[in-house]
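Enquirer: Next one to model:
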Amino acid sequence: MTNERDRRIPQPLRDWLFAQREAKHKAREHGYRRTATNTREAWDLLTRRFVTESPEVAWVRDDLIPGPDYRVPVRVYHPRPDRPLPVALFVHGGGHIAGGVSLYDPIARRLALAANRVVVSIEYRLAPECPYPAALKDTMACAKRVFPLLGNLDMPYEPRLALTGDSGGGALCATVSHLAQFDAGMSIERQVLLYPSLDYTLSQPSVTENGDGYLLERERILWMFDAYLQNAEDRRAISPLYMDLTPDYPATLVITGEFDPLRDEGIAYADRLELHGIRAEKRVMPGMIHGFLNLEAMVPETCAEVYDTIGAFLNA
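Expert: Down below sits the predicted model:
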C-alpha cells in the first residue's frame, strides 16, 4: 500500500521502486550476498537501462594523466573545439566501488553541453581492490595536472577549473577542494556536488529517515564504506562535512533528493559553507532518490532541470 511519503515520488519512479523492494526481499530469501562484482553489475545495468541518450559532443579523446603511483585514464569532451572554454573535472559516483568513464559517458556529455566547458572525466581506482586513499590521490593528481594534459592535446581552454561529482565522486571533489585551500599551486573556481557523500560517520537524520526502500540503503552504504576504508581511518576526520574551511574554498552548488539518505549531509554542508562566508547554493529535488541522474528515463524533466541548474551555476 502506498504511503503519504511515497505519493510524492513521480509515478514511473515509484512503480520501479516498489518492484525493487520486492526483488530485494526475494533475493534475501534466496541467500543473496553483496559483492563488488554484483554491485558493479547492478549499477551498470541500471544506468545503461535508464540513461539511453548520448548526445554528440564535437571533440572527444581518451588519454592519461600521470599520478604519483598510477596513470589515471581520462576522457576529454570539448563542445566547442574552435574556442577556449573553462574546464570541469568530472568525478563519477558509485560508492567508491562502482562506475567508470564508459558508464558515465552520456552524463559527462550532457554536462559538457550544459556547462559549455571542457569536461575531463576520470577513471580513478576503485575499492575494495584499491582502498582509501587511492581514489583521492587519483582525483588530486587529475585536478593538479589537467591543464598540462589539455596543453599537450593542443586543445584551446581557459585555465579555470571547476569540480563536479556525484555521490562518492562528490566526496572526492569536496575533499580535493579542502586540500586545495592549503596548496599554493591549486586554484578551484567552483564545484558542483550531486547528492554527495560528505559524512563517513553517517550521523545525519536522513540516513535513518530514508535509509530503507529508496534504492541507496543504510546497510549498503555501511558495506561500501567498509570496503573503501580498510585501515581504521578516522571517519570523521576524512569527512568533508567536518574539514577546515578558509575564504579560498570554492563557490559550491549542492543538489540532492528529498528521499536520499545522504540528503541532510548535503544540506548541512551548504549551510556550513554559508556560515563561513563561502558562496553556497543548495537544491533539494522534490520526490527524488539518490542517483536520479542515472535513472533519467523515469524522471527526464527533473534531470533536464538539474543540468540547466548546473550550467547556470558554472557560468554565473
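
Enquirer: Now do the helices in the stretch 101-250 of the chain.
Expert: Secondary structure of the stretch 101-250 of the chain (DSSP state H, counting those that start in this stretch): helices located at 105-115, 134-152, 168-180, 206-209, 218-228.

Enquirer: Can you redo those helices as TSV, where the extra columns are mean pLDDT, mean neighbour count and distance to P159?
Expert: For every residue, glycine as well, the C-beta is placed using N, CA and C. Shown next, in TSV, are the helices of the stretch 101-250 of the chain (pLDDT from 0 to 100; neighbours: other Cβ atoms under 10 Å; distance: least, Cβ to Cβ, whole Å):
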stretch	mean pLDDT	mean neighbour count	distance to P159
helix 105-115	98	23	16
helix 134-152	98	20	6
helix 168-180	98	25	14
helix 206-209	98	18	38
helix 218-228	98	17	32
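
Enquirer: Of these, which is nearest R236?
Expert: helix 218-228 (12.4 Å; Cβ to Cβ).

Enquirer: any idea of the angle that closest one forms with helix 168-180?
Expert: 50 degrees (axes from the mean of the first three to the mean of the last three Cα atoms, to 10 degrees).

Enquirer: before we move on, the earlier item: nearest to N315, of the helices of the stretch 101-250 of the chain?
Expert: Taking the helices of the stretch 101-250 of the chain one by one with Cβ to Cβ, helix 105-115 is closest: 6.9 Å.

Enquirer: Show me the residue at the heart of this protein, geometrically.
Expert: D166 (1.2 Å; Cα atoms, centre = their mean).

Enquirer: Now do the contacts for that one.
Expert: Going by Cβ atoms under 8 Å, 6 or more residues apart in numbering, D166 touches 92-93, 193-196, 291, 293.

Enquirer: Repeat the analysis, applying 6 Å as the threshold.
Expert: Shown in contact with D166 (Cβ atoms under 6 Å, 6 or more residues apart in numbering): 93, 194.

Enquirer: Could you do L163 as well?
Expert: 89, 173, 188, 191.

Enquirer: one more time with 7 Å
Expert: Residues near L163 by Cβ atoms under 7 Å, 6 or more residues apart in numbering: 89, 91, 143, 173, 176-177, 188, 191.

Enquirer: what's the nearest residue to E209 if we skip its chain neighbours?
Expert: Sequence neighbours aside, P261 is the residue nearest to E209 in space, at 7.6 Å (criterion: Cβ to Cβ, 6 or more residues apart in numbering).

Enquirer: Kindly report the same for R34.
Expert: Nearest one to R34, counting by Cβ to Cβ, 6+ apart, is W223 at 5.9 Å.

Enquirer: Now do that neighbour against T35, distance only.
Expert: 10 Å (Cβ to Cβ, to the nearest Å).

Enquirer: Closest one to P66 out of the contacts of L163, please.
Expert: Using Cβ to Cβ, A143 comes nearest to P66 of the contacts of L163, at 13.3 Å.

Enquirer: can you give me the strands in this protein?
Expert: Counting by DSSP state E, the chain has strands at residues 59-66, 71-78, 85-91, 118-122, 157-166, 190-194, 251-257, 280-285.

Enquirer: could those strands go into a markdown table alongside distance to P128 and mean pLDDT?
Expert: Output for the strands of the chain, formatted as a markdown table (distance: least, Cβ to Cβ, whole Å; pLDDT from 0 to 100):
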| stretch | distance to P128 | mean pLDDT |
| --- | --- | --- |
| strand 59-66 | 24 | 98 |
| strand 71-78 | 19 | 98 |
| strand 85-91 | 19 | 98 |
| strand 118-122 | 19 | 98 |
| strand 157-166 | 20 | 98 |
| strand 190-194 | 24 | 98 |
| strand 251-257 | 26 | 98 |
| strand 280-285 | 31 | 98 |
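
Enquirer: who wins for proximity to H25 among the ones you listed?
Expert: Using Cβ to Cβ, the strands of the chain put strand 251-257 closest to H25, at 23.2 Å.

Enquirer: how many degrees apart are that closest one and strand 280-285 in direction?
Expert: Going by the same axes, to 10 degrees, strand 251-257 makes 10 degrees with strand 280-285.

Enquirer: which stretch among the strands of the chain comes nearest G213?
Expert: strand 251-257 (13.7 Å).

Enquirer: helices and strands around that closest one, which ones?
Expert: strand 190-194, helix 263-275, strand 280-285, helix 300-315 (3 or more Cβ pairs under 7 Å, 6 or more residues apart in numbering; DSSP states H and E).

Enquirer: possible to save the helices of the stretch 101-250 of the chain as CSV with distance to R48?
Expert: Below are the helices of the stretch 101-250 of the chain laid out as CSV (distance: least, Cβ to Cβ, whole Å):
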stretch, distance to R48
helix 105-115, 9
helix 134-152, 23
helix 168-180, 18
helix 206-209, 28
helix 218-228, 20
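
Enquirer: Out of those helices, flag the one nearest R21.
Expert: Of all those, helix 218-228 comes closest under Cβ to Cβ, at 13.4 Å.

Enquirer: What are the contacting residues of the closest one?
Expert: Counting by Cβ under 7 Å, 6+ apart, 34, 36, 95-97, 127-128, 131-132, 200, 202, 207, 211-212, 261 sit against helix 218-228.
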